[in-house]
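Novice: With the input below, show me the fold.
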Amino acid sequence: MPMTAVMDGATTSDATTSRAAQRLLQYLHDTTDATWSIIQRPLGTAFPLESRHGTDEGFLCMATHGDDHRYQAIGEAVAMSLMLISEAEAKMPKAPTSADAMIGLGDDPAEGRIVAYFQPIVALRTGEVVAIEALARMQTPDGVLGPETFLSAFTSGNTMLALFDRMLESTLHFLSDHRHRMPDLSAAINFELAGIPEHGLAELINTRLVEFATEPDSLSIELNERVAYDLSDAALEELRNVIDLGVKLLIDDVPSSFRTLERLSGIAISGAKLDRRFVQQLSANDPTGSEVLAVLARAAEYRIEVIAEGVETQVQCDKLIQLGCNFGQGYFFAVPQPASSLATVLEAPLVSSW
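Specialist: Alright, predicted model coming up:
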């Protein structure tokens, strides 16, 4: 197993590079008074990372000032878990590492390509589909990968803009093909705030709209904050140029992104996405919906329409309606899917709870 990651100054195996494995190590640090690391050679009290084939892949090591035997059982259990994680990840399809390759600019077409999947946005009271959101997915010979496997390659302004254009083209193509059946359908496309250029964005969008004979008010851009950003005056002006076309702007993950409104002073924002963790609390930690109600109230002050993400149950849907949220999306209505199957899904209301 290659040695690639570092924790507490010790070189660690690939088993610890996954999010799940990192959480296991963090759990050990938080719940014991020992120092834990994964290294290639045993040091202190060592638990071998032994695969099911009998090969040693390194050691989970523990250093403590107390009795080393106190954590024997937990050390053995975590060592086994780390190896199971490593073996599972080895079987997963891998995404290309080049952003150019992923958006079709590389030399090897077999590496995998970014494609658009779509998830409906519905009117919660009627189940009527009012819009679709374009979501980037990676097609590889081994399967379709989610954004967590490849978005880290898109960190420069050029690659972010290229990814946006790929989603824009695919989305407008779908709207154009189905305009005769769904003339009022609109679409939202994600774009990183860090990728907003100082010029050319409005021109690109307008060119695509003309190419697919689509009205600007059919398009919304959902602004994300995955990467730290600092918009120049010219980039802010470019966002105003986009609005002047008739395209709407949304912000992602309220309430945490409400602060974005202060940084976008003077930029008209039409809508916002309610973070899924607040929707999930409606049937568990916050049955009264007080936190969601506070978010909706604040959004109303800005005259922003809220779309709830991650709606998974009838209870959540009904509670959102009671609280005054009009729109939502999530697995309760439909999973993200390619254009080929989406057309069938959109032919009828997805749910009607009221």
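Novice: Where do the helices of this structure begin and end?
Specialist: 19-31, 72-90, 99-102, 157-177, 201-211, 233-245, 258-263, 276-280, 290-301, 314-323, 339-345 (DSSP state H).
Novice: Taking their axis directions, the fifth one and helix 157-177 sit at what angle?
Specialist: Computed by axes from the mean of the first three to the mean of the last three C-alpha atoms, to 10 degrees, the angle separating helix 201-211 from helix 157-177 equals 20 degrees.
Novice: Quick one: list the elements packing against helix 201-211.
Specialist: Counting contacts by 3 or more C-beta pairs under 8 Å, 6 or more residues apart in numbering; DSSP states H and E, helix 201-211 packs against helix 157-177, helix 233-245. (Glycine included, C-beta is placed from N, CA and C.)
Novice: And it, what's buried?
Specialist: Within helix 201-211, the residues scored as buried using 16 or more other C-beta atoms under 10 Å are L201, A202, I205, N206, R208, L209.
Novice: Among these, which pair sits farthest apart?
Specialist: L201 and L209 (12.6 Å; C-beta to C-beta).
Novice: Do you know the pLDDT at the residue nearest to L172 when sequence neighbours are not counted?
Specialist: Excluding the flanking residues, the one nearest L172 by C-beta to C-beta, 6 or more residues apart in numbering is F212, at 4.0 Å. Among the per-residue scores, F212 shows a pLDDT of 96.
Novice: just the one 5 residues further on next, same as before
Specialist: In this model, D217 is scored at 95, pLDDT.
Novice: weakest of the helices of the chain by average pLDDT?
Specialist: Among the helices of the chain, helix 99-102 scores lowest, at a mean of 62.
Novice: Figure out how far stretch 191-209 is from the centre of its chain.
Specialist: 21 Å (C-alpha atoms, centre = their mean, to the nearest Å).
Novice: cool, and stretch 43-51?
Specialist: That offset, for stretch 43-51, works out to 35 Å (C-alpha atoms, centre = their mean).
Novice: contact partners of that stretch?
Specialist: Contact with stretch 43-51 is made by 1, 13, 15, 37-38, 42, 56-64, 68, 71-72, 75-76, 78-79, 82-83, 86-87, as judged by C-beta atoms under 8 Å, 6 or more residues apart in numbering.
Novice: From the centroid of this structure, which residue is nearest?
Specialist: For the chain, the residue sitting closest to the mean C-alpha position, by C-alpha atoms, centre = their mean, is P147 at 6.2 Å.
Novice: since we're on the residue nearest to that residue when sequence neighbours are not counted, how many residues are nearby?
Specialist: Excluding the flanking residues, the one nearest P147 by C-beta to C-beta, 6+ apart is A136, at 5.5 Å. The number of residues packed around A136, counting by other C-beta atoms under 10 Å, is 24.
Novice: hmm, back to that, most tightly packed of the helices of the chain?
Specialist: helix 99-102 (a mean of 21; mean count of other C-beta atoms under 10 Å).
Novice: quick one: L84 from N206, how far?
Specialist: Distance, L84 to N206, by C-beta to C-beta, to the nearest Å: 52 Å.
Novice: and if you look at Y331?
Specialist: 35 Å.
Novice: likewise Y27?
Specialist: For Y27, the distance to N206 (C-beta to C-beta) stands at 51 Å.
Novice: same question, A131
Specialist: A131 is 20 Å from N206, by C-beta to C-beta.
Novice: Same question for Q337.
Specialist: Applying C-beta to C-beta to Q337 and N206 gives a distance of 29 Å.
Novice: What of L239?
Specialist: For L239, the distance to N206 (C-beta to C-beta) stands at 14 Å.
Novice: likewise A339?
Specialist: 23 Å.
Novice: Figure out how far stretch 226-244 is from the centre of its chain.
Specialist: Per C-alpha atoms, centre = their mean, the centroid offset for stretch 226-244 relative to its chain is 21 Å.
Novice: And stretch 273-293, by the same measure?
Specialist: 19 Å.
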